[in-house]
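>>> heads up, no residue letters with this:
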């Protein structure tokens, strides 16, 4: 006797897609004109007009606590304002199981040099649980080689109000007044993530020249 095939329930069409780099989740870019609007550092990010439904998680993509000091490679605590460039700062939050600090420095050394020449500093911030990814000997050597603080650990666990998801990056571009100019999140499982982050950096560099 043949078994009757089971009826499979179709997947719900409205299931949120948290990480799809085909459409960068919650990519919100603001020109210098919008920076003067007084948008707060802590708060929801407005959508970028993407056709896909925005998951609720993405709405808090830039929620960080700028009043929390971060542990640098030389074991001193610094605030975001201490590492701010003349034209702003890009904070890249690294989720658990992300690449190590020296890998991030190596991948993006050229574009970070370009950004520094434009007056925009870049820092990579790791969660408290990821200390071994940023305080290993090779990463510390890489940070010293750049001769400025660029790798940080949220050793108090209070910098991220809603941390980056595992194997993901969260990039936030701030001006000198700590107003958000751009924000994006990238999934490391997508092979295009480094190209997309490079593009995010390049857009910041281009915008600073206007």
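Perfect, thanks for sending it. On a predicted model such as this, the values are computed, not experimentally measured, just so you know.
>>> what's the single longest helix in the protein?
helix 193-207 (DSSP state H).
>>> report all helices and strands that it contacts.
Contacts defined by 3 or more CB pairs under 8 Å, 6 or more residues apart in numbering; DSSP states H and E place helix 193-207 against strand 88-94, helix 109-117, strand 120-126, strand 168-174, strand 180-187. C-beta coordinates here come from the backbone N, C-alpha and C atoms, glycine included.
>>> same thing but 10 Å
strand 25-29, strand 88-94, helix 101-107, helix 109-117, strand 120-126, strand 168-174, strand 180-187 (3 or more CB pairs under 10 Å, 6 or more residues apart in numbering; DSSP states H and E).
>>> in it, what's buried?
193-194, 196-197, 200-201, 203-205, 207 (16 or more other CB atoms under 10 Å).
>>> residue 208: how many residues sit nearby?
For residue 208, the neighbour count with other CB atoms under 10 Å is 20.
>>> where does the protein have low pLDDT?
For the chain, the stretches with pLDDT under 70 are 1-62, 210.
>>> again, 90 this time
For the chain, the stretches with pLDDT under 90 are 1-64, 146-148, 161-164, 190-191, 207-210.
>>> returning to what we had before: which one of the helices and strands packed on helix 193-207 lies nearest to residue 70?
Between residue 70 and those, the shortest gap by CB to CB is with strand 120-126, which sits at 6.1 Å.
>>> other residues contacting the helix or strand following the closest one?
Sequence-wise, the next helix or strand downstream of strand 120-126 (DSSP states H and E) is helix 131-134. Outside helix 131-134, the residues that touch it by CB atoms under 10 Å, 6 or more residues apart in numbering are 71-73, 94, 96-104, 124-127, 139-140, 143, 151-155.
>>> now do the end-to-end distance for stretch 186-199.
Terminal residues of stretch 186-199 are spaced 12 Å apart (CA to CA, to the nearest Å).
>>> next, residue 152: phi, psi?
With angles defined as degrees, to the nearest 10, residue 152 sits at phi -130, psi 150.
>>> who's it bridged to?
Counting by DSSP bridges, residue 152 is bridged to residue 125.
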